[in-house]
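> requesting a structural model of the entry that follows:
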Amino acid sequence: MLYRCLGRLPLPILYAIARIAYPLLYYVAGYRKAVVKDNLTRAFPDQSERDITLLAKKFYRQLAEVAVEIARARYMGEDEFRRRVRIVNPELVTEASRGFSQPVVIMTIHQGNWEWMLHGLSLALGKPLDPVYKPLHSPGADRFMREVRSRFGSRPIPMGKATRDILKRRREFRLLVMVGDQSPIRRERSHWTQFMGSEAAFYLGAETIVRATDYPLLFAQCSRERRGQYRVKLHLLAQPPYDNKDHSLTERYVDMAERAIREEPESWLWSNRRWKRRRERVTS
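Residues are numbered from 1 along each chain as shown. Here you go, the predicted structure:
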């Protein structure tokens, strides 16, 4: 598999490959170029076409670099992750988990390098993080990503099995990571709200789980400091007891996600067809 071969190369060579891949992605293949432009125009309606184009190019450059970084993650050692991923306030997890006795759900978005963040945070805390993930269509790619995410004791959980797995083991100490910025499919229960200026649906999985288990809910924001260097800051979204039955926890997540994207727009995953789904209106 190409990704396995690439991952064995040192990062300087991988970044050189990324410099070649960027113009191929943008100018030659035009990988989801229309999707990226539409998403950026939707999110930043006041920006000129030139500014949107410049932002799109920044995104593609970072996408190429993050892609090779993720390939390299399969073979990176603990010390390298610690050097390259700086956790600003790991004590927030310690406090929320009451000294690692209370399970915690950590939500994040596809920003910075979300795969490196997983291992950087796990190593800083000295505890494995179990990521909930959406299986990829390609069996080979899915197997490779499970290997990447399984390092240092982490146990990836397929999204379709997450609720049952978490509730079954609710008494065990765990740090669960969930990425909730992708668009749910129609059969999945979702909450509609405003996101980056447009209506969008969001998964209710994390909110459902923390309300059922009384787990604290955190948000992890991964920012890029420079190429190959990331900064992770944790935020408390909510903690029990959870009294109301509305979707306030999801709303807090959406608000935090939007703030993070506006702070560093070029490093979010704009190639995702985030607004492809339209809300079904009930007519009388």
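> and stretch 148-157, C-alpha only, in PDB?
Only the C-alpha atoms of stretch 148-157 are listed here, as PDB (Å, rounded to 0.1, in the frame of the first residue of the first chain):
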ATOM      1  CA  VAL A 148      -2.400   4.400  13.200                       C
ATOM      2  CA  ARG A 149      -5.100   5.000  15.800                       C
ATOM      3  CA  SER A 150      -4.400   1.800  17.800                       C
ATOM      4  CA  ARG A 151      -0.900   2.900  18.900                       C
ATOM      5  CA  PHE A 152       0.100   3.400  22.500                       C
ATOM      6  CA  GLY A 153      -2.800   1.300  23.900                       C
ATOM      7  CA  SER A 154      -5.600   3.200  22.200                       C
ATOM      8  CA  ARG A 155      -8.600   1.100  21.100                       C
ATOM      9  CA  PRO A 156     -10.500   2.500  18.100                       C
ATOM     10  CA  ILE A 157     -14.300   2.000  18.100                       C
END
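> what does it rub up against?
Residues outside stretch 148-157 that contact it (C-beta atoms under 8 Å, 6 or more residues apart in numbering) are 70, 73-74, 78, 115, 118-119, 122-123, 128-133, 146, 165-166, 176. Yep, even glycine has a C-beta here, placed from its N, CA and C like the rest.
> try 6 Å
73-74, 122, 128-133, 146, 165 (C-beta atoms under 6 Å, 6 or more residues apart in numbering).
> show me the shaky parts of the stretch 151-284 of the chain.
281-284 (pLDDT under 70).
> what are the boundaries of the strands in it?
Shown for the stretch 151-284 of the chain, the strands assigned by DSSP state E, counting those that start in this stretch span residues 157-158, 175-179, 190-195, 198-203, 217-226, 229-238.
> in a markdown table: the contacts of stretch 148-157, plus distance to residue 96.
Shown next, in a markdown table, are the contacts of stretch 148-157 (distance: C-beta to C-beta, whole Å):
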| residue | distance to residue 96 |
| --- | --- |
| 73 | 26 |
| 74 | 30 |
| 122 | 16 |
| 128 | 17 |
| 129 | 14 |
| 130 | 16 |
| 131 | 18 |
| 132 | 18 |
| 133 | 22 |
| 146 | 27 |
| 165 | 21 |
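> quick one: which of those sit in strands?
Judged by DSSP state E, the contacts of stretch 148-157 include 129-133 as members of strands.
> gap between residue 30 and residue 242?
46 Å (C-beta to C-beta, to the nearest Å).
> what bridges to residue 132?
residue 157, residue 178 (DSSP bridges).
> show me what the longest helix along the chain is packed against.
Identified as the longest helix of the chain according to DSSP state H is helix 49-73. On a contact count with 3 or more C-beta pairs under 6 Å, 6 or more residues apart in numbering; DSSP states H and E, helix 49-73 meets helix 2-7, helix 11-23, helix 33-43.
> quick one: buried residues of the last one?
Buried residues in helix 33-43, defined by neighbour count with 16 or more other C-beta atoms under 10 Å: 35-40, 43.
> check the offset of it from the chain's centre.
19 Å (C-alpha atoms, centre = their mean, to the nearest Å).
> gap between the closest residue to residue 223 other than its chain neighbours and residue 115?
The shortest distance from residue 223 to any non-neighbouring residue, by C-beta to C-beta, 6 or more residues apart in numbering, is to residue 231 (4.8 Å). Between residue 231 and residue 115 the distance is 15 Å, computed by C-beta to C-beta.
> who's more crowded, the two?
residue 115 (22 against 16; other C-beta atoms under 10 Å).
> so residue 210 sits against residue 217, correct?
Yes. Using C-beta atoms under 6 Å, residue 210 and residue 217 qualify as a contacting pair, with a distance of 4.9 Å.
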